[in-house]
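**Q** Generate a structure from the sequence data that follows.
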Amino acid sequence: EISQENGIKIDTVIGDGAYSGKDNLKLADEQNIKIVAKMVSSISQGFRKDENLFDYNKDAGMFVCPAGHMAIRKARQGEKNIGENQATTYYFDVEKCKVCPLRENCYKPGAKSKTYSVTIKSDLHKEQIAFQKTEYYKEKTKERYKIEAKNSELKNVHGYRRATSYGIQNMEMQGAMAIFTVNLKRILKLI
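**A** Alright, predicted model coming up:
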């Protein structure tokens, strides 16, 4: 916002995974700005720790457990448009789980249900994942090292790693001075 207020037209933002949050993606989409930042792996790949054990049967549209039992029903969890991604929960027959030879790692004795959930990606996340496969994204990602090198110089050479005094105004002043120094060095080098 500050850069835009100063008259800079922004068409692309290059950053780390923190920039690929849903709020940033939504704001960037509204302003037609591309975000070149890797999606957080929990969004792009999910948290599925047993990913290699549960198989998806696309003909039935259900997951199959490691013992080969197919889910008996599925349901969508969560509300739309509240900032959290919805999930599809697959329910398995508990009676089969009770006598299953693989129940030790899967079924908790006395449990009334056995489920397996998969997060549903929002449209914004799907668009960002598709964008990450484009040549434009791949080319812009190669420029990220320059940003990290400058951040490293600010932190390690010019003391921006640690605040030297308390208060937001003092931190802003320290940041402005460190950035001014780095810019001045660059100007002198170019001259």
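
**Q** in this structure, which spans are strands?
**A** Read by DSSP state E, the chain holds these strands, from start to end of the chain: 12-14, 34-36, 55-57, 62-64, 73-77, 87-92, 114-119.

**Q** Return the alpha-carbon coordinates of the last one using PDB.
**A** Taking Å, rounded to 0.1, in the frame of the first residue of the first chain, the C-alpha atoms of strand 114-119 are listed here in PDB:
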ATOM      1  CA  LYS A 114     -13.200 -44.200  11.700                       C
ATOM      2  CA  THR A 115     -12.600 -41.200   9.400                       C
ATOM      3  CA  TYR A 116     -10.100 -39.900   6.900                       C
ATOM      4  CA  SER A 117     -10.200 -36.200   5.900                       C
ATOM      5  CA  VAL A 118      -8.700 -34.400   2.900                       C
ATOM      6  CA  THR A 119      -8.600 -30.600   2.700                       C
END
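
**Q** For it, buried residues please.
**A** Within strand 114-119, the residues scored as buried using 16 or more other CB atoms under 10 Å are 114, 116-119. In this view, the C-beta of every residue, glycine as well, is placed from N, C-alpha and C.

**Q** Redo the residues you listed as JSON lines? Include distance to residue 60 and pLDDT.
**A** As requested, those are arranged in JSON lines below (distance: CB to CB, whole Å; pLDDT from 0 to 100):
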{"residue": "114", "distance to residue 60": "17", "pLDDT": "88"}
{"residue": "116", "distance to residue 60": "14", "pLDDT": "85"}
{"residue": "117", "distance to residue 60": "17", "pLDDT": "81"}
{"residue": "118", "distance to residue 60": "15", "pLDDT": "78"}
{"residue": "119", "distance to residue 60": "20", "pLDDT": "75"}
